[in-house]
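Chemist: Structure for the following, please:
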Amino acid sequence: MKKELSRDAADRLIQDLMQGNYQEILPLLQQHIREEQPQHGPQDTPRKRALSEKEAADYLGISAHTLRQGRCDGQREGRMPIPPHYKIGKKIIYMEDELAVWLLKFRIVA
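Modeler: Numbering: from 1, shown residues only. Take a look at the predicted model:
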């Protein structure tokens, strides 16, 4: 069953985001993601938490080239900040939970 946030709780979350208190929000996001996951039957595969470069690009709605360029060139003025990632040998992986938190940094509340 989906839970809705009260107006006060939503305002507190937005305030935390604006102040950079992402560590307090991460457990809430993880709980939300767990609640949103469907129950898996024997033939279903569980949702992946570690994403490849292509999967992360699809999740973020950008090209894999943009992700790669950001990692290779480093943070540059006027460019999209680099999403959190891990490098294991030559393999690059992105954690879905961390991408969700990273995306919240750019949320615009009108």
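
Chemist: Can you show me the helices along this structure?
Modeler: Assignment of helices within the chain using DSSP state H yields the ranges 7-19, 22-36, 53-60, 64-73, 96-104.

Chemist: between those, which gets the lowest average pLDDT?
Modeler: Note on the helices of the chain: helix 22-36 shows the lowest mean pLDDT, a mean of 66.

Chemist: okay, now His65: neighbour count?
Modeler: Neighbours of His65 under the rule other Cβ atoms under 10 Å: 10. From N, CA and C alone the C-beta is placed, and that goes for glycine too.

Chemist: my bad, should have said Glu55
Modeler: By other Cβ under 10 Å, the residues close to Glu55 number 16.

Chemist: Next, work out how far apart it and His65 are.
Modeler: 15 Å (Cβ to Cβ, to the nearest Å).

Chemist: Please apply the same query to Val101.
Modeler: Counting by Cβ to Cβ, the separation of Val101 from His65 is 24 Å.

Chemist: Same check on Asp8?
Modeler: Using Cβ to Cβ, one obtains 42 Å as the distance from Asp8 to His65.

Chemist: Any chance you could list what contacts the longest strand seen in the chain?
Modeler: Counting residues, the longest strand found in the chain (DSSP state E) is strand 91-95. Outside strand 91-95, the residues that touch it by Cβ atoms under 8 Å, 6 or more residues apart in numbering are 49-53, 55-56, 59, 71, 83-86.

Chemist: cutoff 6 Å now
Modeler: Residues from elsewhere that reach strand 91-95 (Cβ atoms under 6 Å, 6 or more residues apart in numbering): 50-51, 53, 56, 85-86.

Chemist: Any figure for the gap between Gly74 and Leu28?
Modeler: 31 Å.

Chemist: ditto for Glu77
Modeler: 32 Å.

Chemist: When these two are compared, which one has more neighbours?
Modeler: Per other Cβ under 10 Å, whichever of Glu77 and Leu28 has more neighbours is Leu28, with 13 against 4.
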